[in-house]
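Visitor: Sequence and predicted structure, then a few things I'm wondering about:
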Amino acid sequence: MRPTTRLKTFLGTALLVSASAAHATDLVVSAAASLTNAFKDLSQSFEQQNPGVKVITNFGASDILMQQIVRGAPADVFASADQTAMDKAVAEKAVDGATRKNFAANQIVLIVPYDSKLQPATLADLTRPDYRRVALGNPASVPFGRYTKTALEQAGLWAQVSAKSVMAENVRTSLDYVARGEVDAGFVFATDAAVMPDKVKVAVRIPSDAPATYPIALTAGSQHKELAARFVSHVLSPAGQAVLARYGFLKP
C-alpha cells in the first residue's frame, strides 16, 4: 500500500473512531409525559456539560414506564409524576430506592378548549347535561388520573363525572383531546395547560393539601450509574430547578 493510501486509510479510520467516540455513551432517561418539555431542555444542557454523552429520553405514563423498566427495557434514570408509580418501582426492585429524591411538584387543573362557550366555575358544573365528555386519566395506570379521582371523590363527584369520561393514556393525550375540542373539558397538570395557552384555558384549579410531587431515581439495571447520578444532580441543581420553574413546576 502506498504511503498516501495508508495515510488516507489511517485518517479515515481515525475520523470514524472519533465520530463514534463523540456519541460513545447513551444515557436513557424514562420520564413522565408531563416532564416532556422541561426534560428536553435539561437533557440538552446536560449534554453540553458532558461532551460525548447523548441523553435518550423516553416519555409516557409513569406506570407504563415503570412496567417497561421492570420487564427489562433499558433505562438509567426514572422520573415519575407521583409517589405511587415510584413505590411500585422500588417494590419491584426496578430502581435503587437509596437514590430516590423528590425534585418537583405540580397541580391538577380543569381545562376547556380556548374558544369554548362552556366555562365551569366549579367541579360540580361538570355534572350538568351540557358537559357530555370529560377527559380523565385512568387512576389504575396514570398519576394525573389518581390525583383527579382523589379530588373528585373529595367533592363527592367521582361517580357522576367518571360516567362521562374519555380515558387518556397519559396527561398529554388528555391535553390533546381538549385542544382539539374532542371533549368539553379535561383534567391535566397545570404545566401541561401552559404548553398550549392559545388552544386551552384553565377553568378551575384543583385545591390540594398535598401537592403532586415528582420523585426521581437511578434504575437498578443502569450500566452508567455514575453518569446517571450526575444527571439526577443536574435536575436537582439550582440551574435544573430554574428550568423546571420556567415550565411552571413548583418546588417539591
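Guide: Done, it's in. Numbering: from 1, shown residues only.

Visitor: quick one, strands of the stretch 151-252 of the chain?
Guide: Along the stretch 151-252 of the chain, the segments classed as strands by DSSP state E, counting those that start in this stretch run 165-168, 185-189, 200-205, 212-218.

Visitor: most tightly surrounded among those strands?
Guide: strand 185-189 (a mean of 30; mean count of other Cβ atoms under 10 Å). Every residue, glycine included, has its C-beta placed from N, CA and C.

Visitor: elements contacting it?
Guide: strand 108-113, strand 134-137, helix 143-154, helix 171-179 (3 or more Cβ pairs under 8 Å, 6 or more residues apart in numbering; DSSP states H and E).

Visitor: ok, back up a step: indicate which one of the strands of the stretch 151-252 of the chain is closest to Ala75.
Guide: Closest of the strands of the stretch 151-252 of the chain to Ala75 is strand 212-218, at 9.5 Å (criterion: Cβ to Cβ).

Visitor: roughly how far out does that closest one sit from the chain middle?
Guide: On the basis of Cα atoms, centre = their mean, to the nearest Å, strand 212-218 sits 10 Å off its chain's mean C-alpha point.

Visitor: Just the residues contacting that strand, thanks.
Guide: Defining contact as Cβ atoms under 8 Å, 6 or more residues apart in numbering, one finds that strand 212-218 is touched by 32, 35, 76-83, 86, 89-90, 95-97, 99-108, 143-144, 147, 189, 225, 228-229, 232, 235, 249, 252.

Visitor: Can you go through those and name the buried ones?
Guide: 32, 35, 76-83, 86, 89-90, 95-96, 99-100, 103-108, 143-144, 147, 189, 228-229, 232, 235, 249, 252 (16 or more other Cβ atoms under 10 Å).

Visitor: Tell me which of those residues fall in helices.
Guide: With helices defined by DSSP state H, the entries of those inside them are Gln83, Met86, Ala89, Val90, Pro143, Phe144, Tyr147, Ala228, Ala229, Val232, Val235.

Visitor: Okay, domains of the chain per the record?
Guide: 3-105+212-246, 108-205 (automatic domain parsing).

Visitor: mean pLDDT lowest for which of the helices and strands packed on strand 185-189?
Guide: Across the helices and strands packed on strand 185-189, helix 143-154 has the smallest mean pLDDT, namely a mean of 93.

Visitor: Could you give the separation of that one from the chain centroid?
Guide: Using Cα atoms, centre = their mean, the offset of helix 143-154 from its chain centre is 18 Å.

Visitor: got the contact list for the residue positioned nearest the centre of the chain?
Guide: For the chain, the residue sitting closest to the mean C-alpha position, by Cα atoms, centre = their mean, is Ala32 at 2.3 Å. Ala32 makes contact with Phe59, Gly60, Ala61, Ser62, Leu65, Ala79, Ser80, Ala81, Pro143, Asn170, Val171, Tyr214 under the criterion Cβ under 8 Å, 6+ apart.

Visitor: could you redo the last one with a cut-off of 10 Å?
Guide: For Ala32, the contact set (Cβ atoms under 10 Å, 6 or more residues apart in numbering) comprises 39, 59-65, 78-82, 85, 104, 106, 142-144, 170-172, 189, 214, 216.

Visitor: same deal with Ala220?
Guide: Contacts for Ala220 were tallied using Cβ under 10 Å, 6+ apart; they are 69-70, 75, 78, 89-90, 92-97, 99.

Visitor: and which of these is nearest Ser162?
Guide: The closest of these, once distances to Ser162 are taken by Cβ to Cβ, is Ala89, at 26.9 Å.

Visitor: Touching, that closest one and Ser62? I think so.
Guide: Yes - look at Ala89 against Ser62 with Cβ atoms under 10 Å: they come within range, at 8.9 Å.

Visitor: where do the contact lists of those two overlap?
Guide: Contacts common to Ala89 and Ser62, judged by Cβ under 10 Å, 6+ apart, are Ser30, Phe78, Ser80, Pro215.
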